[in-house]
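K.L.:
Only the shape, not the letters, is given here:
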DNA sequence: GTATTGTGTCTCAAATGTGTGACATATTGC
DNA sequence: GCAATATGTCACACATTTGAGACACAATAC
C-alpha cells in the first residue's frame, strides 16, 4: 500500500516535464489517486516540486556515479554515463529543463542550483578530460555537449513513447548520434 | 503602433513553449502589454494558441521551402534547410513539442496534425532521398532524424539564450553535431 | 476478530485565472 | 490642434484550481 508517495512523484515528473503549470488533478490522475490523497502527501505544489527535484537528483546522481566508477578509461566512462543518463529518462531532462528556463537565473548561491551543478560534476569533469585529450572535437564546449546530451535523451524518450524503435536499438542510435555529434 | 499582435504571438510562443499552461498574464508581461490588451487581440486562450500555430507554420514553411528550392543537391538542401530550421528557433521546437505530447494522438484527420505534417514534408522527403542514397547512416530512421533535428535546435536556442557562444559559431557547432550525429 | 492506517467522497472557503465593460490616457495620422 | 485609434486602469462576474475538514470504507497488521 505504501509506494503511493513515489508513484505521485513519478507522475508529477512526467506531467510537469510536459506542462509545468498543469493542475494537480492531472498529476493525481496520472498517479491513479485522488487529489485529496495527493494533498495528504504533499502540503502544496511547491513541496511536491521540491520532492520531485530531490528524487530526480538522487536517481541521476546514483546512476551517474555508478557509471563513473565502473571504469577508469575516460572514453568508456563517457559511454557508461551516457547510457546511465538515458536510463534516467525524463528525470534527467526535467531537471535540466528547470535550470534552463529563460527567466531562470542560475546561481551557485541558490541551493537547488548548486545541487544541480553537483549532480553533473563527475559527468562534466570527465568531458573536460576528454576535451583536453583531444578525443572530443576541439570546437566543442562542455556546456554545448551537456545540452546536446540532454537533447539526445529527449529524442530517446520520444522514440520510446512512440514505440517505433525498441529500446536496445534506440540506445545504440542515441549513442551513435551523441558520440559522432561531439566529434568522437 | 501596430505590431502589438505580432509581439503578443511571439511572447506566447516563448512562454507556452516552456510552460503550456502558463497564465495569460505571463504572456502579456513578456509582450510588455496589459492582459486587457492581449484580450482585445485574442478572444481567449484557444484563439491565441491557434494563431500561434498558424504563425509558426507560416514562418517555418516559408523558411523550409525557400531553403529547399535554393539548391538542387540533396546534401546542400539538407544543410540549407537545417539552418532555416535553426533560424525559426523556438517556433520550430514549439510546434514539434505540441505534436509529441504524451497524450497527443497524432492523426492525419486532425487539421492541425495534417498541417504539421505538411510543414515538414519537403524536409522529410529530402531526408528520405539522402537515406536512399546512403549518404546518411543506414540505421537511422526519418523519425529519429527529425526528432534529433528538433533537439539540436533546442541546444542552439539555449546557447543563444545564455549568450555564451555567438550566433555564427553556434550555427556551425549545431550543423556539426547534427550532420555527424546522423552519420554524414 | 479489532485496531490501525490509507484512500475515497463530499464539501467548502480561499486563491488564482479569465473575459469583459466603462472610462481615462497616450499615441498616431492628418 | 483634432479626430481616430491603441493602450492602460479599474472594476467586476465568473470559472478553475487549491488546500483542508469530516466521515465512510477498505485494506492491512496483529
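P.N.:
In hand now; what should we look at? Not measured: the values here are computed from a predicted model.

K.L.:
now check the lengthiest helix in chain A, is it near DNA strand D?
P.N.:
The helix of greatest length in chain A, counted in residues with DSSP state H as the criterion, is given as helix A:45-69. Yes: using CB under 7 Å from any atom of the strand, helix A:45-69 reaches DNA strand D at A:45-46. In short, each C-beta sits where N, CA and C put it, glycine included.

K.L.:
what angle sits between the very next helix or strand once past that helix and helix A:45-69?
P.N.:
Per DSSP states H and E, helix A:45-69 leads on to helix A:74-88 as the next helix or strand towards the C-terminus. With axes from the mean of the first three to the mean of the last three CA atoms, to 10 degrees as the basis, helix A:74-88 and helix A:45-69 are set at 150 degrees to each other.

K.L.:
ok now helix A:74-88, how far from the chain's centre?
P.N.:
12 Å (CA atoms, centre = their mean, to the nearest Å).

K.L.:
With stretch A:23-38 instead?
P.N.:
That offset, for stretch A:23-38, works out to 23 Å (CA atoms, centre = their mean).

K.L.:
Check stretch A:19-36 too.
P.N.:
Chain-centre distance of stretch A:19-36: 21 Å, with CA atoms, centre = their mean.

K.L.:
Distance check, the residue of chain A positioned farthest from its centre against DNA strand C.
P.N.:
Distance from the C-alpha centroid of chain A peaks at residue A:36, with 28.9 Å (CA atoms, centre = their mean). According to CB to the nearest atom of the strand, to the nearest Å, residue A:36 and DNA strand C sit 4 Å apart.

K.L.:
What strand or helix carries that residue?
P.N.:
In this structure, residue A:36 sits in helix A:35-41 according to DSSP H and E.

K.L.:
Residue A:180 is in contact with residue B:178, isn't it?
P.N.:
No: counting by CB atoms under 8 Å, residue A:180 sits too far from residue B:178 to count as a contact (10.1 Å).

K.L.:
Residue A:141 touches residue B:169, doesn't it?
P.N.:
No: in this structure, residue A:141 is not within contact of residue B:169 by CB under 8 Å, at 9.7 Å.

K.L.:
coming back round to it: okay, residue A:180 and residue B:178: which has more neighbours?
P.N.:
Per other CB atoms under 10 Å in any protein chain shown, whichever of residue A:180 and residue B:178 has more neighbours is residue B:178, with 26 against 19.

K.L.:
which stretches of chain A form helices?
P.N.:
Secondary structure of chain A (DSSP H): helices at A:4-18, A:24-30, A:35-41, A:45-69, A:74-88, A:90-98, A:111-119, A:121-133, A:142-162, A:167-181.

K.L.:
in the first one, what's buried?
P.N.:
Using 16 or more other CB atoms under 10 Å in any protein chain shown as the test for burial, helix A:4-18 gives A:5, A:8-18.

K.L.:
So is that helix next to DNA strand D?
P.N.:
No: applying CB under 7 Å from any atom of the strand, one finds helix A:4-18 separated from DNA strand D by no less than 10.8 Å.

K.L.:
ok, and what's touching that helix?
P.N.:
Contact with helix A:4-18 is made by A:22, A:26-28, A:30-33, A:37-38, A:41-42, A:48-49, A:51-52, A:55-56, A:90-91, A:93-94, A:97, B:20, B:101-102, as judged by CB atoms under 8 Å, 6 or more residues apart in numbering or on different chains.

K.L.:
mind giving me the domain split of chain A?
P.N.:
Per automatic domain parsing, the domain ranges recorded for chain A read A:1-42, A:53-181.

K.L.:
Next, see if the last one gets close to DNA strand C.
P.N.:
What that stands for is domain A:53-181. No: figure legend: domain A:53-181 not in contact with DNA strand C (CB under 7 Å from any atom of the strand); closest approach 14.7 Å.

K.L.:
Could you pull up the mean pLDDT of stretch A:81-88?
P.N.:
Averaging pLDDT along stretch A:81-88 gives 97.

K.L.:
How about stretch A:13-26?
P.N.:
97.

K.L.:
Residue A:23 - how many residues pack around it?
P.N.:
Neighbours of residue A:23 using other CB under 10 Å come to 13.

K.L.:
how much space between it and residue A:102?
P.N.:
As judged by CB to CB, to the nearest Å, residue A:23 and residue A:102 stand 23 Å apart.

K.L.:
Residue A:9 too?
P.N.:
When residue A:9 is compared with residue A:102 (using CB to CB), they lie 26 Å apart.

K.L.:
do residue A:56 as well
P.N.:
For residue A:56 relative to residue A:102 (CB to CB), the value is 21 Å.

K.L.:
Same drill for the two, tell me which one is more crowded.
P.N.:
Using other CB under 10 Å, the more surrounded residue of residue A:56 and residue A:102 is residue A:56, with 23 against 14.

K.L.:
interface residues of chain A facing chain B?
P.N.:
Residues of chain A lying near chain B by CB under 8 Å from any CB of the partner chain: A:14, A:18-23, A:100-102, A:137, A:139-141, A:143-144, A:147-148, A:151-152, A:154-155, A:158-159, A:161-162, A:164-165, A:169, A:172-173, A:176-178, A:180-183.
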